[in-house]
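**Student:** A structural model of the following input is requested.
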Amino acid sequence: MANFICVAIVLFSVCCFVILLNLEQLAVATDDHVWGHEQEEVYHHVKVSSLLPQYDCMPSSPKGQKQGATLEVLHRYGPCSKIKYEKTSKKPTHTEHLEMDEARVKFLRSRVNLQPKGQKVVESATTLPATSGVSIGTSNYVVPIGLGTPQKELTVIFDTGSDFTWTQCQPCVRSCYPQVGSIFDPRASSSYANISCSSASCANVISATSATPGCASSTCVYGIQYGDSSFSVGFLASETLTLSSGDVFPNFIFGCGEYNQGLFKGSAGLLGLGRNPLSAVSQTAIKHGKYFSYCLPTKSGRGSLTFGNNGVGSAAAFTQLLTSSQYPSFYFFSLQGISVGGNQLSISPSVFSTAGTIIDSGTVITRLPPAAYTALRSTFKQLMSQYPSASPISILDTCYDFSSYTTVSVPKINLLFSGGAQWNLAIQGILYTSSISQVCLAFAGNSAASQIGILGNTQQQTFNVIYDVAGGKLGFSPGGCS
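**Tutor:** Numbering: from 1, shown residues only. The predicted model follows:
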């Protein structure tokens with residue numbers, strides 16, 4: 001009997017041990033699952049090969065409803081673009097691209113800090129304007145528009161940091177740069193008209209170009225020069241602008257440039273999307289109410305630029321659009337903080353509000369106040385310490401060598417805005433790839449706290465970005481294009 005009791009006790013003990021062991025293993029498995037879930041939430045796990053640019057044009061199309069006037073957006077230097085570069089006009093290297101970006105940023109800062117001087121454009125369409133302007137070299141995205149009657153399709157750069165729309169025109173008085181397709185000839189359009197020097201539109205030119213207009217034979221002469229020495233000079237005119245078959249705008253004010261040079265090569269001109277009365281946003285407001293949105297694609301993808309509410313705003317997070325009294329054309333917003341790897345950095349909101357922050361489609365790399373960038377870089381480096389560092393490239397000082405890896409884990413970065421909105425950046429918005437052995441954090445720090453912050457187009461890629469200008473709101477949602 002005693003032996004039976006002993007055996008029973010042993011069996012009971014074994015059963016309890018097995019049950020406890022199973023429970024412990026279940027607990028460990030559960031902990032692993034939770035830990036793995038947390039890792040998945042705060043890290044991007046990506047194949048290194050996916051960080052390299054694709055050389056084939058992707059057949060993807062923008063998502064969302066097709067309301068409003070929607071234009072296809074292509075990367076200027078990508079395989080989908082119609083703009084081709086010959087040996088005499090090569091695409092910029094990564095270093096050149098980033099240096100041009102820095103030139104643009106320096107000018108944007110000067111526009112905010114200084115009122116336009118409005119230097120005079122002398123009375124000739126062949127004379128350079130005397131004032132500097134925004135560097136156009138890093139405006140990466142182009143769209144097709146129709147101009148004239150009958151309409152002629154033109155491929156133009158679009159830029160939220162510019163107010164003035166212009167295109168190359170025949171006759172080229174001194175020079176025009178090479179572009180896709182033939183140059184617009186106003187003599188072939190029945191709807192073209194020059195604008196007189198005494199018109200209100202001519203008076204508005206100074207606020208859109210920072211140069212006082214000239215006058216030649218009673219016709220208003222504009223001039224606009226950009227920070228990289230690119231420029232356009234010509235006659236202020238009105239013409240029929242066609243965005244789609246149902247979106248036609250007669251009497252659209254634009255610059256008919258007869259003397260043009262610089263880094264616009266391939267494009268026919270520029271579509272200005274700032275807030276000025278002469279911008280395309282203001283001139284199409286009669287139908288679209290100063291509401292537009294875009295999705296900036298990666299180099300091999302396709303995106304969209306839409307005038308009017310196309311429905312993407314229903315799934316978007318919004319924050320308030322702010323206006324600067326010094327330069328009201330820029331799109332300011334309130335950046336409140338940054339989180340990296342799921343943890344918010346210890347940065348006071350006053351760090352961002354000292355100079356303010358703008359969103360810009362033409363700037364490539366996001367610029368942060370010094371204190372904010374230092375905190376971001378320090379935390380990012382800690383979470384990326386398992387990867388070997390690489391040499392910096394131009395303004396990018398935090399780089400890694402991924403050549404020995406097939407996959408990498410990159411901490412997610414969230415931008416935190418007023419009103420509680422959060423922008424969870426895609427991997428394309430976190431890393432800038434020069435080569436697999438030189439992949440860099442796609443942020444840069446300003447040299448002084450008094451310099452404006454800028455949300456650049458690298459961070460905006462693949463998101464719907466919505467400008468409700470009349471409503472004073474800036475929105476964003478993922479998955480706009482691929």
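
**Student:** hang on, Thr319 packs against Gly471?
**Tutor:** No - look at Thr319 against Gly471 with Cβ atoms under 8 Å: they stay out of range, at 12.0 Å. No exception for glycine: its C-beta is placed from N, CA and C like everyone else's.

**Student:** When these two are compared, which one has more neighbours?
**Tutor:** A side-by-side neighbour count of Thr319 and Gly471, using other Cβ atoms under 10 Å, places Thr319 first with 22 against 16.

**Student:** Could you pull up the contacting residues of that one?
**Tutor:** Neighbouring residues of Thr319 by Cβ atoms under 8 Å, 6 or more residues apart in numbering: 333-334, 417-419, 421, 473-475.

**Student:** Pull out the buried members of the residues you listed.
**Tutor:** Among those, the ones that count as buried by 16 or more other Cβ atoms under 10 Å are 333-334, 417, 421, 473-475.

**Student:** between those, which is nearest Ser245?
**Tutor:** Gly475 (27.1 Å; Cβ to Cβ).

**Student:** Look at Ser238 and give its secondary structure.
**Tutor:** Judged by DSSP: H, G, I helix; E, B strand; the rest coil, the three-state class of Ser238 is strand.

**Student:** Which residue, other than its chain neighbours, is closest to Ser199?
**Tutor:** Distances taken as Cβ to Cβ, 6 or more residues apart in numbering place Cys220 nearest to Ser199, at 6.8 Å, with adjacent residues excluded.

**Student:** Can you flag which of the contacts of Thr319 belong to strands?
**Tutor:** 333, 417, 473-475 (DSSP state E).

**Student:** Let's have these in JSON lines, adding pLDDT and distance to Thr165.
**Tutor:** Output for those, formatted as JSON lines (pLDDT from 0 to 100; distance: Cβ to Cβ, whole Å):
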{"residue": "Phe333", "pLDDT": "97", "distance to Thr165": "24"}
{"residue": "Phe417", "pLDDT": "97", "distance to Thr165": "30"}
{"residue": "Lys473", "pLDDT": "96", "distance to Thr165": "24"}
{"residue": "Leu474", "pLDDT": "97", "distance to Thr165": "22"}
{"residue": "Gly475", "pLDDT": "95", "distance to Thr165": "24"}
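
**Student:** TSV for these, including distance to Ser210?
**Tutor:** What follows is these, written out as TSV (distance: Cβ to Cβ, whole Å):
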residue	distance to Ser210
Phe333	23
Phe417	30
Lys473	28
Leu474	25
Gly475	30
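
**Student:** hang on, the earlier thing: max pairwise distance over the buried ones among the contacts of Thr319: which two?
**Tutor:** Ser334 and Gly475 (14.1 Å).

**Student:** For the stretch 301-450 of the chain, give me the ranges with low pLDDT.
**Tutor:** Applying pLDDT under 70 to the stretch 301-450 of the chain flags no residue at all.

**Student:** who's in contact with Phe380?
**Tutor:** 340, 398, 411, 413, 441.

**Student:** and the next element down the chain from the host helix or strand of Glu258?
**Tutor:** For Glu258, the host element (DSSP states H and E) is strand 247-261. Beyond strand 247-261 on the C-terminal side, the first helix or strand identified by DSSP H and E is strand 269-272.

**Student:** how about the very next helix or strand once past that next one as CSV, C-alpha atoms only?
**Tutor:** Per DSSP H and E, the first helix or strand lying C-terminal to strand 269-272 is helix 280-283. C-alpha atoms of helix 280-283 as CSV (Å, rounded to 0.1, in the frame of the first residue of the first chain):
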residue,chain,number,x,y,z
ALA,A,280,-1.9,78.3,-60.0
VAL,A,281,-3.7,77.5,-56.7
SER,A,282,-5.2,81.0,-56.5
GLN,A,283,-6.1,81.2,-60.2
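
**Student:** Go ahead and confirm Gly255 touches Ser162.
**Tutor:** No - counting by Cβ under 8 Å, Gly255 sits too far from Ser162 to count as a contact (11.4 Å).

**Student:** Report the buried residues of the strand holding Glu258.
**Tutor:** Buried-residue list, strand 247-261, by 16+ other Cβ under 10 Å: 247-249, 252-261.

**Student:** List just the nearest of these to Val465.
**Tutor:** Distances from Val465 to the buried residues of strand 247-261, taken by Cβ to Cβ, are shortest for Asp247, at 20.0 Å.

**Student:** tell me the contacts of that closest one?
**Tutor:** So Asp247 contacts 68-69, 284, 287, 307 (Cβ under 8 Å, 6+ apart).

**Student:** Do a quick rundown of the helices in this protein.
**Tutor:** All helices of the chain, identified by DSSP state H, fall at 2-42, 94-113, 200-203, 205-209, 280-283, 285-288, 349-353, 370-383, 457-460.

**Student:** who are the neighbours in contact with Thr407?
**Tutor:** Counting by Cβ under 8 Å, 6+ apart, Thr407 has contacts 45-48.
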